[in-house]
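Asker: Need a 3D model of the following:
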Amino acid sequence: MIVVSDTSPIANLAVVGQLDLLRQLYGQVIIPPAVLAEIKRIGPEHSAVRAIETAAWITTQPVVNQTAVASLKLELDEGEAEAIALALELSADLLLVDERKGRMIATRLGLKFIGLLGVLVAAKQGGWLAQVKPVVDDLRHKAGFWISDELYTEVIRFANE
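Answerer: Have a look, this model is predicted:
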C-alpha cells in the first residue's frame, strides 16, 4: 500500500507519542521534502522531530512534477501541494491530510484520503488503539490540534466511546 502524508497527521501523532499507529496501519509512509521541512520547524531537538527522523518506515521522496506543485501552491501551502503532487505521481492508495482545502483538492483530483481523526478510528477498529478519546484529548491539549466541539463529540460517538 502506498501512503503519502501531509504534515499535520504525522507531526501531531508524533507530538502525542502515537506515531507508530501509522506504521501499524500502513507499514510505510512517504513524505515529500516540504513536509519534512515543515516538521523540522517544530524544533530540531523536539522529541516528535527525532521520532519522525529516526523512523525507518517513514521515507522522504522528492516530487518530480514541479509544475504540478507550483499549480497546487496557488491554493495550498507548500507541504500540502507537494504531498498531493507526490500522491498523484505515485498513484498512492491513500493520502493523509487534515486541512479542508487540501481535502477538497484531493477529492477533485480523485485521490482517496483520510485525516488524523479517521486514522485514530481505524487504529481502534484494527485493535492498535484501545480508546480514541484520550488521544484526541492529547491532540487538543498537547499538540494544539484544533477540532470543533461538535466534531469531537461525533468522533467519540463514532468510536463507540
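Asker: Give me the neighbour count for Asn160.
Answerer: Using other C-beta atoms under 10 Å, the number of residues around Asn160 comes to 10. From N, CA and C alone the C-beta is placed, and that goes for glycine too.
Asker: Next one: it from Val135, what distance?
Answerer: 15 Å (C-beta to C-beta, to the nearest Å).
Asker: Lowest mean pLDDT among the helices and strands of the chain, which one is it?
Answerer: helix 47-54 (a mean of 83; mean pLDDT, DSSP states H and E).
Asker: Kindly export that helix (C-alpha atoms) in PDB.
Answerer: Output of helix 47-54 as PDB, limited to C-alpha atoms (Å, rounded to 0.1, in the frame of the first residue of the first chain):
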ATOM      1  CA  SER A  47      11.100  14.500  20.500                       C
ATOM      2  CA  ALA A  48       8.500  14.500  17.700                       C
ATOM      3  CA  VAL A  49      11.100  15.600  15.200                       C
ATOM      4  CA  ARG A  50      13.500  13.000  16.400                       C
ATOM      5  CA  ALA A  51      10.900  10.300  16.200                       C
ATOM      6  CA  ILE A  52      10.000  11.100  12.600                       C
ATOM      7  CA  GLU A  53      13.600  11.400  11.500                       C
ATOM      8  CA  THR A  54      14.600   8.000  13.100                       C
END
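Asker: Show me how far it is from its chain's centre.
Answerer: 15 Å (C-alpha atoms, centre = their mean, to the nearest Å).
Asker: So for the helix or strand following it, mean pLDDT?
Answerer: Sequence order places strand 58-60 as the next helix or strand after helix 47-54, per DSSP states H and E. For strand 58-60, mean pLDDT is 95.
Asker: Contacts made by strand 58-60 with the rest, please.
Answerer: Ile10, Leu22, Gln28, Val29, Ile30, Ile31, Pro32, Pro33, Val35, Leu36, Ile52 (C-beta atoms under 8 Å, 6 or more residues apart in numbering).
Asker: and if we set it to 10 Å?
Answerer: Outside strand 58-60, the residues that touch it by C-beta atoms under 10 Å, 6 or more residues apart in numbering are 5, 10, 14, 19, 22-23, 28-37, 39, 51-53, 86.
Asker: What mean pLDDT does stretch 12-26 get?
Answerer: 95.
Asker: Kindly check the end-to-end length of that stretch for me.
Answerer: For stretch 12-26, the first and last residues are 17 Å from each other (C-alpha to C-alpha, to the nearest Å).
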